[in-house]
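Visitor: One predicted model, sequence on top.
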Amino acid sequence: MNPAQKPLDNPTATASLPRETYVRRLLERYRQTPGTLGRIRWEDRTLAAELHRRGVPLERVEAAFNLAAARRIFREADAMPLQPIRSLHYFLPVLEEIQTANIDPGYLAYVEHKLAAHLGLPPSDRR
């Protein structure tokens, strides 16, 4: 099953946020995520709307952005350089991991803090 089509534990999680607002915030956050090209494609907009429809909380998607970016940034210094992230779809496996693995929220907060410190930003300014 495609991670974007995976049933969620809380399908009403995004009900209080209008679709347009959710999509705009998600895509802006995606565009600002380290390692991305900073461009948004129509496929990204389509996926963002689908994530809203499925009820994926924006905070969960942001956690996937943080976790994936941290994994790319904090890897071996002598590792081969990675190509830029070209699509929101890149984050689907990490989003599925967060959804299914019950990753400790404290660990996700730690990753956000470590990434923000590396970028010279307070964690709240990453959004």
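Guide: Sure, I can see it.
Visitor: most centrally placed residue in this structure?
Guide: F65 (2.9 Å; Cα atoms, centre = their mean).
Visitor: where in this protein is pLDDT low?
Guide: 1-15, 123-127 (pLDDT under 70).
Visitor: if you set the cut-off to 90 instead, what comes out?
Guide: 1-16, 77, 102, 119-127 (pLDDT under 90).
Visitor: Would you map the helices across it?
Guide: Secondary structure of the chain, counting by DSSP state H: helices at 19-32, 42-54, 58-73, 92-101, 105-119.
Visitor: and those helices as CSV, adding distance to M80?
Guide: In short, each C-beta sits where N, CA and C put it, glycine included. Converted to CSV, the helices of the chain look like this (distance: least, Cβ to Cβ, whole Å):
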stretch, distance to M80
helix 19-32, 24
helix 42-54, 26
helix 58-73, 12
helix 92-101, 20
helix 105-119, 20
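Visitor: taking these together, which one is wrapped up most tightly?
Guide: Mean neighbour count, computed with mean count of other Cβ atoms under 10 Å, is highest for helix 58-73 among those, reaching a mean of 20.
Visitor: which helices and strands sit right next to that one?
Guide: Counting contacts by 3 or more Cβ pairs under 8 Å, 6 or more residues apart in numbering; DSSP states H and E, helix 58-73 packs against helix 19-32, helix 92-101, helix 105-119.
Visitor: switch the cut-off to 10 Å
Guide: On a contact count with 3 or more Cβ pairs under 10 Å, 6 or more residues apart in numbering; DSSP states H and E, helix 58-73 meets helix 19-32, helix 42-54, helix 92-101, helix 105-119.
Visitor: returning to what we had before: how much space separates the residue nearest to the centre of the chain from L108?
Guide: Going from F65 to L108 by Cβ to Cβ, to the nearest Å gives 11 Å.
Visitor: Check T36 too.
Guide: For T36, the distance to L108 equals 19 Å [Cβ to Cβ].
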